[in-house]
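In: Predicted model, plus sequence, below.
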Amino acid sequence: METGLAGQGVVVTGASGGIGAACARAFAAEGARVLVHYHRGEERARALADELDGAAVAGADLTVEADADRLFAEARETLGRLDICAAVAGVYPSADVPVWELGLERFEQTIRENLTTTFLTARAFLRELRSTGSGALVLVGSTAGRFGEAGHADYAAAKSGIQCGLLLSLKNEAARLGPRVRVNAVAPGWTASPMTRGLLEPDDVRRITKTMPLRKVATPEDVAAQVVVLASERLSGHVTGGLVTVAGGMEGRVLHAD
């Protein structure tokens, strides 16, 4: 199916990670001009850019206001017109810690590395659309933000903020820039990626898929496909404020006995 993304300028944050890299590849496959963002994974980002026939690469710490603004200024200079941003960058703290033992430092850091990062990304990107009146922003939340996640209340709170309050506010505000400015989000469930390495052994998969009709974890490409659909004006031109859950039908009850 034709997406109409050929020639579009796309920024993918967190593109050195599994879902971000898959998004960058998916946009490039549609003929988009992609900027690959990284924070700590420069080597992976540059290898990905080489794979994509020399896509642009830029590093930035998106918890820092000046870095976020610089990233999008650099993207504009490199790509020219900016049309799409996939705000993938985020961090999952692997340690399972109940709230009564959760330190304030970790809580604030998780909020900053997920919710604050997404806010600064969204703000910088939408500022770039003031002169064009069209474009698409796709945020990345999580099923933790929909169902909660014991031991990761900090992460669940950050992702809920992204895919609920921030998303639904941004889609209304973005429309002030023009009727073709859209904001949507995806909420991945368990996804095989560097962020979940070591957490998805066979016994883990049996346990976590008890609430899922499709008893498998997602691939990064599963998530990237939905990001591309939401970013495409041709496919989703009248969709804004939407949240697509990519989690095999996950719900808040056990569906399987074993």
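Out: Here it is on my side, so go on. Numbers count the residues shown, from 1 in each chain.

In: Pull the number of nearby residues for the residue lying closest to V64 once chain neighbours are set aside.
Out: Spatially, and ignoring its direct neighbours in sequence, V64 is nearest to L120 (8.0 Å; Cβ to Cβ, 6 or more residues apart in numbering). Bear in mind the C-beta positions are built from the backbone N, C-alpha and C, glycine included. A count of nearby residues for L120, using other Cβ atoms under 10 Å, gives 25.

In: Quick check, L120 in contact with R70.
Out: No - taking contacts as Cβ atoms under 8 Å, L120 lies outside contact range of R70: 11.0 Å.

In: How much space separates D203 from D258?
Out: Computed as Cβ to Cβ, to the nearest Å, the D203 to D258 distance reads 11 Å.

In: And those two? Which one has more around it.
Out: When D203 and D258 are compared for neighbours, D203 comes out ahead with 8 against 5, by other Cβ under 10 Å.

In: Strands along the stretch 51-200 of the chain, start to end?
Out: All strands of the stretch 51-200 of the chain, identified by DSSP state E, counting those that start in this stretch, fall at 56-59, 84-87, 134-140, 180-188.

In: check contacts around the residue nearest to V64.
Out: For L120, the contacting residues are L62, T63, V64, E65, A68, D69, by Cβ atoms under 8 Å, 6 or more residues apart in numbering.

In: Now do the buried residues in the helix ranked longest in the chain.
Out: Ranked by number of residues, the top helix in the chain under DSSP state H is helix 65-79. Residues of helix 65-79 classed as buried: D67, A68, L71, F72, E74, A75, T78, L79 (neighbour count, 16 or more other Cβ atoms under 10 Å).

In: So for the helix or strand of the chain with the lowest mean pLDDT, what gets flagged as buried?
Out: When each helix and strand of the chain is scored by mean pLDDT, DSSP states H and E, helix 202-208 comes last, with a mean of 74. Within helix 202-208, the residues that qualify as buried are V205, I208, counting by 16+ other Cβ under 10 Å.

In: From the chain's centroid, how far away is that helix?
Out: Distance of helix 202-208 from the chain centroid (Cα atoms, centre = their mean, to the nearest Å) equals 24 Å.

In: where exactly do the helices run in the stretch 1-150 of the chain?
Out: For the stretch 1-150 of the chain, applying DSSP state H, counting those that start in this stretch gives helices covering 18-29, 42-51, 65-79, 104-111, 117-128, 144-147.

In: Any stretches of the stretch 1-150 of the chain with poor pLDDT?
Out: By pLDDT under 70, the stretch 1-150 of the chain has no low-scoring segment.

In: got the contact list for V181?
Out: L126, L129, G133, S134, G135, A136, A174, A175.

In: now, which of these sits nearest S236?
Out: The closest of those to S236 turns out to be A136 (Cβ to Cβ; 7.7 Å).

In: now the closest one: how far from L166?
Out: Taken as Cβ to Cβ, the spacing of A136 relative to L166 amounts to 16 Å.

In: if you count what's nearby, which of these two comes out ahead?
Out: A136 (28 against 19).

In: returning to that earlier point: what subset of the contacts of V181 is buried?
Out: Using 16+ other Cβ under 10 Å as the burial test, these include L126, L129, G135, A136, A174 as buried.

In: Return the closest of those with respect to V186.
Out: A136 (12.6 Å).

In: in the sheet, who's paired with that closest one?
Out: Per DSSP bridges, the residues bridged to A136 are I84, R182.

In: ok, it touching A231?
Out: Yes - A136 is within contact range of A231, at 4.6 Å (criterion: Cβ under 8 Å).

In: Need the residues touching each of these two.
Out: Counting by Cβ under 8 Å, 6+ apart, the residues touching both A136 and A231 are I84.
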